[in-house]
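S.K.: Kindly return the folded structure for what I paste below:
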Amino acid sequence: MISEPTYLAAKIVSDRIAAHFEKQVGLHPDAERRLIPDIPVIETIIDTAFWASLRREEGYEPKISIAFAPPDMAGNSLVFHHRQRFSPHNLVKLSPAVLQPGIHLGVWMDDDNFHIWGTTYEVPLHCMVVEVVEAGLLVVKQKHSDRAGKFINIAVLKGNQIKIMDDNHWGLTDCPGILSALLGFSASSTAGEQENILVQLALAMRSHGRGALLLVVPPSSSAWLHSIVKPINYLVNHHPALASHPDEGAPDIAYSEMTAKMISAVGGYSAIDGATVITHDHRLLAFGAKVARSPHALPVAQLMITEPVAGSAMQLLDATNIGGTRHLAAAQFVNDQHDSLAMVASQDGTFTVFSWSEKQQLVHGHRIDTLLM
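M.R.: Purely as a prediction, here's the structure:
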């Protein structure tokens, strides 16, 4: 039975989320209409997930992923013989079963009564997923494509703080491809696959929690070396590709597993002090490299910082006010090497992508940690 939510943020954000999913029907005529949640459904799921996040199960904070989909549309699923009532108590009780990444609790509604029907590894396209990240922190997301490795975030709720992702004012033609992938846009399937590798690298960089700097440079140029202190301790002779097109007849699972292992390895290299350097076609060049200003460039003075959140404004900051030494090094590198990209993971969880803006003739810092949750 649908009841009035007691978590105020659920009421505030539900209409924006409902509008997002209604938009999916217009953009994708083949989208399954019964998957599109209305405002009362969104309010109920967010409200229940929020109160579950504040409880404990044997002293542990629950981490839960909830997928709003019927069992007949979820592949690779486990269906309970007796459906469970959708309540904070039952969510917390079942949370250890869905602790591993990629597994969700399936939730559906019959005659205005919500129930938990089982668990699933596969959710249909355009399905709403609500993830309990930690106490009071929820992320509302959706599956965008079968090839994407990460769901697209729609909203992030932390207590009374609400962040709605905004893809309207970004000017995607002047933004790096990793942002278009995280926002659900790709020029082509091949481009989307390549951009998704950067998304997976960003997640790997965040996972060790030590902070990291990744530089992405053109594959056929050595100009980036002008912005690096010599000698480079960990320069790679053989440049292995993190991913390439699988051999004809090779199983997709084996290809995906190998790619995931190589991305995880590079994420580990990024924990070493200094910058990890890869090419745009994802070949590892070096790690532990020290960034220095090129003798052919001026010190970076100002740059702009934006975040893909509705209501946020562009900030024009002095380079000394953008963060720690990693951020300054990343901004200086992009200021020197306009055809390169720099990605910075902070120890506090923030993540910034630096690129050169031809429109503004400035270094542009894109804060994307809300997209990576």
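
S.K.: which residues touch L285?
M.R.: By CB atoms under 8 Å, 6 or more residues apart in numbering, the contact set of L285 is 217, 235-236, 239, 277-279. Where you see a C-beta, it was placed from the backbone N, CA and C, and this is true even at glycine.

S.K.: any idea which of those residues is least confident?
M.R.: Minimum pLDDT for the contacts of L285 is recorded at H239 (76).

S.K.: Please export the C-alpha coordinates of the lowest-mean-pLDDT helix or strand in the chain as PDB.
M.R.: Lowest by mean pLDDT, DSSP states H and E among the helices and strands of the chain is helix 177-183, with a mean of 71. Taking Å, rounded to 0.1, in the frame of the first residue of the first chain, the C-alpha atoms of helix 177-183 are listed here in PDB:
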ATOM      1  CA  GLY A 177      34.100  12.000 -23.800                       C
ATOM      2  CA  ILE A 178      34.000  10.600 -20.300                       C
ATOM      3  CA  LEU A 179      31.300  13.100 -19.400                       C
ATOM      4  CA  SER A 180      29.200  12.200 -22.400                       C
ATOM      5  CA  ALA A 181      29.500   8.500 -21.300                       C
ATOM      6  CA  LEU A 182      28.500   9.300 -17.700                       C
ATOM      7  CA  LEU A 183      25.500  11.400 -18.900                       C
END
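
S.K.: on contacts alone, who are the packing partners of it?
M.R.: Counting contacts by 3 or more CB pairs under 8 Å, 6 or more residues apart in numbering; DSSP states H and E, helix 177-183 packs against strand 152-158, helix 189-207, helix 369-372.

S.K.: repeat that with 7 Å
M.R.: Contact here means 3 or more CB pairs under 7 Å, 6 or more residues apart in numbering; DSSP states H and E; on that basis helix 177-183 packs against helix 189-207.

S.K.: Averaged pLDDT, the helix it packs on. What do you get?
M.R.: The model assigns helix 189-207 a mean pLDDT of 78.

S.K.: need the next SSE after that helix, C-terminal direction.
M.R.: Next along the chain after helix 189-207, taking DSSP states H and E as the criterion, comes strand 212-217.

S.K.: Listing partners with orientation, what would you give for that next one?
M.R.: strand 275-279 (parallel), strand 341-345 (antiparallel) (DSSP bridges).

S.K.: neighbouring contacts of the first one?
M.R.: What it means is strand 275-279. By CB atoms under 7 Å, 6 or more residues apart in numbering, the surrounding residues in contact with strand 275-279 are 213-219, 224, 266, 269-270, 284-287, 289, 291.

S.K.: shaky segments in this structure?
M.R.: In the predicted model of the chain, residues 1-3, 145-149, 167-175, 180, 184-194, 243-255 satisfy pLDDT under 70.

S.K.: what residues are up against the nearest residue to I17 once chain neighbours are set aside?
M.R.: Nearest residue to I17 in three dimensions, chain neighbours excluded: I42, at 5.1 Å (CB to CB, 6 or more residues apart in numbering). With contact set as CB under 7 Å, 6+ apart, I42 has these partners: 14, 17-18.

S.K.: which one of the residues you listed is nearest L372?
M.R.: Distance to L372, by CB to CB, is smallest for I17 among these, at 19.1 Å.

S.K.: how about that closest one, what does it touch?
M.R.: With CB under 7 Å, 6+ apart, I17 has these contacts: 42, 140, 154-155.

S.K.: Output the contacting helices and strands for the helix or strand harbouring H327.
M.R.: H327 is part of helix 325-336 when elements are defined by DSSP H and E. Judged by 3+ CB pairs under 7 Å, 6+ apart, helix 325-336 is in contact with strand 212-217, strand 341-345, strand 351-357, strand 362-367.

S.K.: between those, which one is nearest to N90?
M.R.: strand 351-357 (33.7 Å).

S.K.: Pairing partners for that closest one, with directions?
M.R.: strand 341-345 (antiparallel), strand 362-367 (antiparallel).

S.K.: hmm, back to that, now list the buried members of the contacts of strand 275-279.
M.R.: Neighbour-count burial (16 or more other CB atoms under 10 Å) is assigned, among these, to 213-217, 224, 266, 269-270, 284-287, 289, 291.

S.K.: Closest one of those to A330?
M.R.: For the buried ones among the contacts of strand 275-279, the nearest to A330 is L213 (5.9 Å; CB to CB).

S.K.: ok now the least confident helix or strand of the chain, how far from the chain's centre?
M.R.: For helix 177-183, the separation from the chain centroid amounts to 9 Å (computed by CA atoms, centre = their mean, to the nearest Å).

S.K.: follow-up on the earlier one: let me know which of the strands paired with strand 212-217 is the nearest to P101.
M.R.: So among the strands paired with strand 212-217, strand 341-345 is nearest, using CB to CB, at 18.2 Å.

S.K.: Tell me which stretches of the stretch 201-350 of the chain form strands.
M.R.: Applying DSSP state E, counting those that start in this stretch to the stretch 201-350 of the chain gives strands spanning 212-217, 234-235, 275-279, 284-289, 302-306, 315-318, 341-345.

S.K.: Ok, which of those comes nearest I178?
M.R.: Of all the strands of the stretch 201-350 of the chain, strand 341-345 comes closest under CB to CB, at 7.7 Å.

S.K.: quick one on the thing from earlier: save the strands paired with strand 212-217 as a markdown table, and put in distance to L298 and mean neighbour count too.
M.R.: Shown next, in a markdown table, are the strands paired with strand 212-217 (distance: least, CB to CB, whole Å; neighbours: other CB atoms under 10 Å):
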| stretch | distance to L298 | mean neighbour count |
| --- | --- | --- |
| strand 275-279 | 20 | 25 |
| strand 341-345 | 17 | 26 |
